[in-house]
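Undergrad: Just the structure for this:
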Amino acid sequence: MANRISILGSTGSIGRQTLDVAEQMGLRVAALTANASAARMEEQVRRFRPALAVLTDEEAASDLAVRLADTDTRVVGGADGLMEAATLPEADTVVTAVVGMVGLRPTLAAIGEKKRIALANKETLVCAGELVMDAAERSGAEIVPVDSEHSAIFQCLQGCRDRREIRRLILTCSGGPFYGMGYEEVGKMTREDALKHPNWTMGPKITVDCATLMNKGLEVIEAMRLYRLPLEQVDVVIHRQSIVHSLVEYRDGAVLAQLGTPDMRLPIRYAMTYPGRGENPAEPLDLLHCPPLTFAAPDREAFPCLRLAEEAAAEGGTACAVLNAANEEAVRLFLADRIGFHDISRLVQLARAEVAPAAAPGLEEILEADQAAREIVLRTVRS
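TA: Purely as a prediction, here's the structure:
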């Protein structure tokens with residue numbers, strides 16, 4: 001069980017909900033990090049009194065230092081602060097709630113210090129999953145997933161004695177705000193449309209990824225890395241109600257599922273209490289009043305990002321890093337109203353075609369592929 005935590009990305013949706021859980025559980029907070037939200041970080045520091053507060057934006061960090069001059073919290077600016085927060089000796093658990101590849105190096109550093117990793121940064125495993133899992137195995141660090149789908153699978157696997165008992169992992173997907181639309185109709189959707197998720201309240205990047213189904217594609221890759229399974233044993237089904245968070249089908253035909261209300265505090269809490277369970281003050285799922293549970297196949301033609309992610313997963317090597325980097329840049333451009341909805345998948349496909357994949361890459365090769373994909377997306381949009 002966690003006792004003192006560092007939260008990388010404390011001002012985002014997962015970070016804020018983690019602080020809610022920490023307060024309910026009486027956990028102590030050792031460090032908080034964010035990008036540039038000085039005002040929100042000040043509020044969090046005054047509420048939780050961490051030893052360290054980090055803003056990677058240097059100017060924002062200087063502002064924060066002035067705001068917190070009357071406290072004992074040390075303020076650090078720049079990317080190096082993430083590494084310090086991830087390896088702080090007094091923290092036993094590191095919650096990686098930052099978005100994007102920025103979470104990779106701090107996660108590896110925390111693993112090196114044998115911290116428990118409450119992993120909400122899927123890009124870390126998407127881009128460098130084999131490196132991360134090998135490092136955790138060597139150090140003995142625990143990785144407990146926070147994504148609702150991977151937490152569900154993690155819980156359903158607790159009685160699994162041997163990975164060979166698994167027939168397949170089944171990731172559920174809400175289908176996003178455009179479920180049921182055809183390719184042409186989906187292509188007309190705007191930024192505002194894409195940010196209207198039917199069930200979850202999340203940050204803008206992951207919400208757009210849910211609209212394109214890229215989020216589910218990234219989760220397929222993440223599941224392969226976390227559980228050391230091939231693509232053929234990871235499946236996706238549309239489940240509009242977001243009540244069944246994911247399932248595991250065993251070779252004897254038994255299917256185990258984890259159900260719950262669509263509240264991220266549940267998997268966050270489990271990552272803190274694992275291998276035990278703590279009391280949760282939230283209302284539990286009421287089966288007598290929840291809607292009927294439905295399941296359907298995803299439409300990979302209307303939502304090509306899922307197919308592109310599965311193709312990258314099948315190829316392996318740096319293909320997943322290219323996919324992720326191109327998607328990050330394309331989503332950023334879409335959120336800035338510089339490209340259309342289907343341009344996201346087009347740019348990802350272009351980057352995948354232009355960046356030559358490397359098999360069995362090391363960290364530097366992964367980072368180089370990441371940078372190359374970003375440059376292709378930005379150059380294409382500028383031209």
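
Undergrad: tell me the helices in the stretch 51-200 of the chain, going along the chain?
TA: Secondary structure of the stretch 51-200 of the chain by DSSP state H, counting those that start in this stretch: the helices cover 58-67, 80-86, 104-112, 122-139, 148-156, 183-187, 191-194.

Undergrad: and the second one, what other elements does it pack with?
TA: What it means is helix 80-86. On a contact count with 3 or more CB pairs under 8 Å, 6 or more residues apart in numbering; DSSP states H and E, helix 80-86 meets strand 4-8, strand 28-34, strand 52-55, strand 93-96, helix 104-112. Where you see a C-beta, it was placed from the backbone N, CA and C, and this is true even at glycine.

Undergrad: what does it contact?
TA: Outside helix 80-86, the residues within contact range by CB atoms under 8 Å, 6 or more residues apart in numbering are 6, 8, 30-33, 52, 54-56, 61, 76, 91, 94, 96, 98, 102, 105-107, 109-110, 113, 115.

Undergrad: Which of the residues you listed are buried, as a PyMOL select command?
TA: The buried subset of the contacts of helix 80-86, as determined by 16 or more other CB atoms under 10 Å, is captured in PyMOL by this line:
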select buried, resi 6+8+30+31+32+33+52+54+55+56+61+76+91+94+96+98+102+105+106+107+109+110+115
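
Undergrad: related to what we said a few turns ago, with respect to residue 326, which of the helices and strands packed on helix 80-86 lies nearest?
TA: helix 104-112 (16.4 Å; CB to CB).

Undergrad: Just the angle for the closest one relative to helix 122-139, thanks.
TA: Here helix 104-112 runs at an angle of 30 degrees relative to helix 122-139 (axes from the mean of the first three to the mean of the last three CA atoms, to 10 degrees).

Undergrad: The helices of the stretch 51-200 of the chain: which one's closest to residue 260?
TA: Taking CB to CB, helix 148-156 is the member of these nearest to residue 260, at 8.0 Å.

Undergrad: Pipe the helices and strands packed on helix 80-86 into JSON lines and attach distance to residue 373 per row.
TA: Converted to JSON lines, the helices and strands packed on helix 80-86 look like this (distance: least, CB to CB, whole Å):
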{"stretch": "strand 4-8", "distance to residue 373": "23"}
{"stretch": "strand 28-34", "distance to residue 373": "25"}
{"stretch": "strand 52-55", "distance to residue 373": "27"}
{"stretch": "strand 93-96", "distance to residue 373": "22"}
{"stretch": "helix 104-112", "distance to residue 373": "15"}
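
Undergrad: Save these as JSON lines, and put in distance to residue 143 and mean pLDDT too.
TA: Putting the helices and strands packed on helix 80-86 into JSON lines (distance: least, CB to CB, whole Å; pLDDT from 0 to 100) gives the following:
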{"stretch": "strand 4-8", "distance to residue 143": "14", "mean pLDDT": "98"}
{"stretch": "strand 28-34", "distance to residue 143": "19", "mean pLDDT": "98"}
{"stretch": "strand 52-55", "distance to residue 143": "22", "mean pLDDT": "98"}
{"stretch": "strand 93-96", "distance to residue 143": "10", "mean pLDDT": "98"}
{"stretch": "helix 104-112", "distance to residue 143": "8", "mean pLDDT": "96"}
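
Undergrad: Just tell me which of these ends up closest to residue 245.
TA: Nearest to residue 245, of these and by CB to CB, is strand 93-96 at 18.9 Å.

Undergrad: quick one: contacts of that closest one?
TA: Contacts of strand 93-96 (CB under 8 Å, 6+ apart): 2-9, 14-15, 18, 85-86, 103, 106-107, 110, 115-121, 124, 146, 268, 271-272.
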